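Enquirer: With the input below, show me the fold.
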Amino acid sequence: MKNILDNLEDLVKESPEIVLKRKLIDEPYNTILGMVRRGKKPQKVDDLKNELVYSIFDINKDESLRMQSGDHISKPYVNNLVIIQGKTIPTNYLFQNLFSSKLNFPEKNKYSSIDSFLRKAGKNMVENVFGEETSKVFKYSYEKHLQTKIMRAMTNTYFSHPVRVAHAIKSDKLSQEYVLLAFLHDIIEETQKYRKKKIENITKKMKDAPTSEKYSKVIVKINNQIKNPPELNEIMELFYRDQELGKNIIKPLLAISNYKNKKYSNYIKDMFDYSKKCVQKGEGKQFPCDRAIIVKLYDAIDNTQTLVGTSGNAQLKRLRRNVILGDYTYHFLDQNHISKKDKPLIWKGLKNLIYFSAINADKFDRLYSLESKLNVDQKLMEDHYDKSFIYASTLFSEINQGIRSLAEKVLPKEILKNLYNKK
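Expert: Predicted structure coming up:
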């Protein structure tokens, strides 16, 4: 019988895309559901990360540890361990090194026999799916998102979102620059939010210790990072061997990142202004002018496809943003006389965005409309709750109309019939 590492090696060599797609793209939400069903409510990111390690490696941790140690290990400790080839290894260590591309660990390290395999396996798996020279950016993106500790709906961690966006882009046979931009597209924005949150938390602590100089120095340091995000230099350092590639990614990355926290409509306007200037300057060959737009469309599509299970407020916010993005994209294409033959992927992204938005908007419109009628007619709730349902129903109805108007301009007649003639 083959040992675990041999089986994993075969898996990575033979079907890396299947492994990555199944475990990191399709199943993170099921990972959470499985934990909850077993009575293990995830309390923090590490709980989910551990569970994903067992899922990727297909190891039954409870049986594995019982064979080695009986029932003598305390439960919190067990939850952070896995046994491979008779060695007990912390899952945190395992997951961090799974996507590492460095191979120069000292031989004295007690996990050295597994280190080399993990790095090669992770690098193989990522680069077989996403292309050459993508594993460094993949790992950097993972670590940066881990730092922010921001959880996303329908995923085990935030990192599943850029992986899915990059996978969709790669599936449409776009070049490496688009894939790398997809991995990086949320980093500056999310780290800036994280820093602002840190300042808020420190400010609260200062109320209890208003004279503390330590807090003041930390706030000054974080504010400097907000003004000049260190991620820009870090990303350029990732491309130290290919500075041209780094420059090609930084420009659209700045265009796609709302790190200055502008109003969404102003941010999207600026993104399209960047694309127009890019065309006017004739930079299309060096910096393809559609890069930011395409990645933004794929990003919005993924966010729309994962709306189930989020709050009504999150649903409204996302669909309202989709109307703005869809509107700007359509006018950009229309005013610049860009046909489907000229930019097929922008048109495809716009159609998909409107299609998935229309499905969700119609569903939520009908749902909230029904809720508002039930709560008014049957007096199931107090007056102020009745009004909130009516208000939400009105907002969803307005958004649905906006998306429907876009759908009539963008979607083929057959799809429109299927969307709006179901009743």
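
Enquirer: Any stretches of the stretch 101-250 of the chain with poor pLDDT?
Expert: 101-122, 149-158, 208-213 (pLDDT under 70).

Enquirer: just checking, next helix/strand downstream of the strand or helix carrying Arg195?
Expert: Following DSSP states H and E, one finds Arg195 within helix 187-208. The C-terminal neighbour of helix 187-208 among helices and strands, as given by DSSP H and E, is helix 213-227.

Enquirer: tell me which residues of that next one are tucked away?
Expert: 215, 218, 222, 226 (16 or more other CB atoms under 10 Å). Heads up, the C-betas are built off the backbone N, CA and C, glycines and all.

Enquirer: residue contacts, the second one?
Expert: Taking CB atoms under 8 Å, 6 or more residues apart in numbering, we find Val218 in contact with Ile202.

Enquirer: please redo it, this time with the cut-off set to 10 Å
Expert: 198-199, 202, 205-206, 212 (CB atoms under 10 Å, 6 or more residues apart in numbering).

Enquirer: Mind checking which of those residues are buried?
Expert: For those, buried by 16+ other CB under 10 Å: 202, 206.

Enquirer: before we move on, the earlier item: which outside residues touch the helix holding Arg195?
Expert: Contacts of helix 187-208 (CB under 10 Å, 6+ apart): 140-141, 144-145, 147-150, 158, 162, 186, 212, 214-216, 218-219, 221-223, 225-226, 229-232, 234-235, 253-254, 256-261, 267.

Enquirer: filter the residues you listed to the buried ones?
Expert: Buried members of those, counted by 16+ other CB under 10 Å: 140-141, 144-145, 148, 150, 158, 162, 186, 215, 218, 222, 226, 229, 231-232, 235, 253-254, 256-259, 267.

Enquirer: Those in helices, which ones?
Expert: Secondary structure defined by DSSP state H assigns 140-141, 144-145, 148, 162, 215, 218, 222, 226, 231-232, 235, 253-254, 256, 267 of the buried ones among the contacts of helix 187-208 to helices.

Enquirer: so Ser372 touches Tyr391, yeah?
Expert: Yes - counting by CB atoms under 10 Å, Ser372 does reach Tyr391; the two are 8.5 Å apart.

Enquirer: Tell me which of those two has more neighbours.
Expert: Taking other CB atoms under 10 Å, Ser372 and Tyr391 do not tie; Ser372 has more neighbours (21 against 12).

Enquirer: Show me how this protein divides into domains.
Expert: 4-130, 133-259, 307-423 (automatic domain parsing).

Enquirer: For stretch 302-321, list the C-alpha coordinates in PDB.
Expert: Coordinates of the C-alpha atoms in stretch 302-321 are reproduced here as PDB (Å, rounded to 0.1, in the frame of the first residue of the first chain):
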ATOM      1  CA  ASP A 302     -17.900  36.100  -8.100                       C
ATOM      2  CA  ASN A 303     -19.200  38.400  -5.400                       C
ATOM      3  CA  THR A 304     -22.700  38.200  -6.900                       C
ATOM      4  CA  GLN A 305     -22.600  34.400  -7.200                       C
ATOM      5  CA  THR A 306     -21.900  34.200  -3.400                       C
ATOM      6  CA  LEU A 307     -24.700  36.400  -2.200                       C
ATOM      7  CA  VAL A 308     -26.900  33.600  -0.800                       C
ATOM      8  CA  GLY A 309     -26.600  33.500   3.000                       C
ATOM      9  CA  THR A 310     -25.500  37.100   3.300                       C
ATOM     10  CA  SER A 311     -27.500  39.900   5.000                       C
ATOM     11  CA  GLY A 312     -30.200  41.900   3.100                       C
ATOM     12  CA  ASN A 313     -27.900  44.900   3.500                       C
ATOM     13  CA  ALA A 314     -25.000  43.100   1.800                       C
ATOM     14  CA  GLN A 315     -27.300  42.000  -1.000                       C
ATOM     15  CA  LEU A 316     -28.600  45.500  -1.600                       C
ATOM     16  CA  LYS A 317     -25.100  46.900  -1.600                       C
ATOM     17  CA  ARG A 318     -23.700  44.400  -4.000                       C
ATOM     18  CA  LEU A 319     -26.600  44.700  -6.500                       C
ATOM     19  CA  ARG A 320     -26.600  48.500  -6.300                       C
ATOM     20  CA  ARG A 321     -22.800  48.400  -7.100                       C
END
